[in-house]
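**Student:** For reference, the sequence and a predicted model appear below.
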Amino acid sequence: MTLSSLISSVPKAELHLHIEGSLEPSLMWSLAAKHNITLPYKNVAQIKAAYQFSNLQSFLDIYYAGASVLLDEDDFFALMWSYLCKCKEENIVHTEIMFDPQTHTERDIGYDIFMPGFLKAIDKARQQWGMSVKLILSFLRHLSEQEAFDTLEQAKPYYRYIDAVGLDSSEKGHPPVKFRRVFAQVRRLGFRIVAHAGEEGPADYIWQAIHTLGVDRIDHGVRCLEDPELVALLKKRQIPLTVCPLSNLKLKVINDMRQHSLFALMDKGLLVTVNSDDPTYFGGYLNRNFEALDAALGMTKNQLQALVINSFKASFLTQDEKAHWI
Ligand code: ADE
Ligand code: ZN
C-alpha cells in the first residue's frame, strides 16, 4: 500500500480544529445569500483568492469576518455537519473540536443558537457512523479576562456537552498569564485545559501555559525548540503538542514545508500530533497535512503509524477508549 492510501485509510483522531475555520467558501456564499449579507467578494473564487496571509493577525481578520454569515441554528448545524462529513471521508474516527463562543456572542448570537446546531450535527454523526466527538470551548485572548469569565458563565447550561476549555486568537501581547484566574475557575469546574502557545508567541508563553494555566495539551507549541529546558519538560511530562503544518506554512511561521520541525520534535521524544487547524483557510483537511509533510520531508510508514497512535494518546478519550484504537 502506498503511503498516500495509508494516510487516507488509517483510522485517526484530530485534536486541533476550529469549527469556524472549517467554513467552506461555498457555504459562506450560500449563507450570505440566505441572510442578504453583502460580502466583500463577487463570487466563491474571489473568497478563495482572498486567503493569502502574512501572519496570524491577517488571517484572523478574515476568519472573524467570514463567521459573520453564521446567524441561526441551521447555519451552525450546516457548519458542523460539513466538517463531520469530511471526517467520515478522511477516516477521522475521533475529533476534538474548538469553537469560539465570543465570535458569536459579540454579534448577539447566543449559546442557545449555536450549541443546539452543533449538538444536532454531532448526534447525527454519532448515530450514523459511531463517530466520537468532544467539544473545546475557546476563549479569545485578544479580549479581556472578565469577558472570558462571562463566556464561561454563559456556557453553564451546556457544561455537560463540553470537555475542555482552550485559549486562541492573537497570541503576541496576550500571554497565558492574562487568563490565570479564569483558568483556575475552569480547573475547579473539572474541564480539561488546552491553550495555543508558541505558534507566533515566544517559548515563554508555553512555560506560562504549563505552569500558570495547568494545560493538558499545547496547541502548536513549535517554538518550544528555542528553549532546550522546555523541550526537556515537554518530553518528561509527555505534554502533547497539536501541530498544524499547513497552518504554519500559510501563516508564515515557516517559509517552506521543508523547514517544518515536526519530525525534529518527534526525534526529541515529544508527543506530537498532526492537525488541520482551519482547513478551509489553509488549503487542506487533515489528510492533506500528512501529505504535505510527506511531500516536503518524506514520511516513513513507521512515522505515520507513530503519529496516528499519538493522535489517540494525546486525546481526551478514556484509557479504555484509547486502547480500542492504539
Ligand atoms: N483561531 C483560529 N485559528 C487560530 C490559530 N491558528 N491561532 C490562534 N487562534 C486561532
Ligand atoms: Zn488553532
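**Tutor:** Received the coordinates, thanks. Model, not experiment: these values are computed from the prediction. Numbering: from 1, shown residues only. Ligands and ions are numbered 1, 2, ... in the order given.
**Student:** need the residues of this structure near ligand 1, please.
**Tutor:** 18, 21, 56, 168-169, 196, 199, 247, 277-278 (CB under 6 Å from any ligand atom). No exception for glycine: its C-beta is placed from N, CA and C like everyone else's.
**Student:** for the residues you listed, which one is nearest Gly298?
**Tutor:** Comparing the residues of the chain next to ligand 1 against Gly298 with CB to CB picks out Ser247 as the nearest, at 20.7 Å.
**Student:** can you tell me which residues contact the closest one?
**Tutor:** Ser247 makes contacts with 220, 253, 276-278, 282, as judged by CB atoms under 8 Å, 6 or more residues apart in numbering.
**Student:** Among the residues of the chain next to ligand 1, which one has the most neighbours?
**Tutor:** The residue in the residues of the chain next to ligand 1 with the most neighbours, by other CB atoms under 10 Å, is Asp277 (30 neighbours).
**Student:** Provide the backbone phi and psi angles at that one.
**Tutor:** phi 70, psi -90 (degrees, to the nearest 10).
**Student:** How about Ala67?
**Tutor:** According to degrees, to the nearest 10, Ala67 has phi -70, psi -10.
**Student:** Equivalent analysis for the one 3 residues further on, please.
**Tutor:** Its backbone dihedrals place Leu70 at phi -90, psi 110, with angles given as degrees, to the nearest 10.
**Student:** returning to that earlier point: show me the contacts of Ser247 that map onto helices.
**Tutor:** Phe282 (DSSP state H).
**Student:** Name the member of the contacts of Ser247 with the shortest distance to Arg188.
**Tutor:** Looking across the contacts of Ser247 and measuring by CB to CB, the closest to Arg188 is His220, at 26.4 Å.
**Student:** now stretch 123-131: how far from the chain's centre is it?
**Tutor:** 21 Å (CA atoms, centre = their mean, to the nearest Å).
**Student:** tell me which residues in it are buried?
**Tutor:** By 16 or more other CB atoms under 10 Å, the buried positions in stretch 123-131 come out as 125, 131.
**Student:** For it, output the C-alpha coordinates as PDB.
**Tutor:** Extracted in PDB, the C-alpha atoms of stretch 123-131 (Å, rounded to 0.1, in the frame of the first residue of the first chain):
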ATOM      1  CA  ASP A 123     -25.600  13.500  17.400                       C
ATOM      2  CA  LYS A 124     -26.300  12.600  13.800                       C
ATOM      3  CA  ALA A 125     -22.600  11.700  13.200                       C
ATOM      4  CA  ARG A 126     -22.600   9.600  16.400                       C
ATOM      5  CA  GLN A 127     -25.700   7.700  15.400                       C
ATOM      6  CA  GLN A 128     -25.000   7.300  11.700                       C
ATOM      7  CA  TRP A 129     -21.300   6.400  11.900                       C
ATOM      8  CA  GLY A 130     -20.400   5.900  15.600                       C
ATOM      9  CA  MET A 131     -18.100   8.900  15.300                       C
END
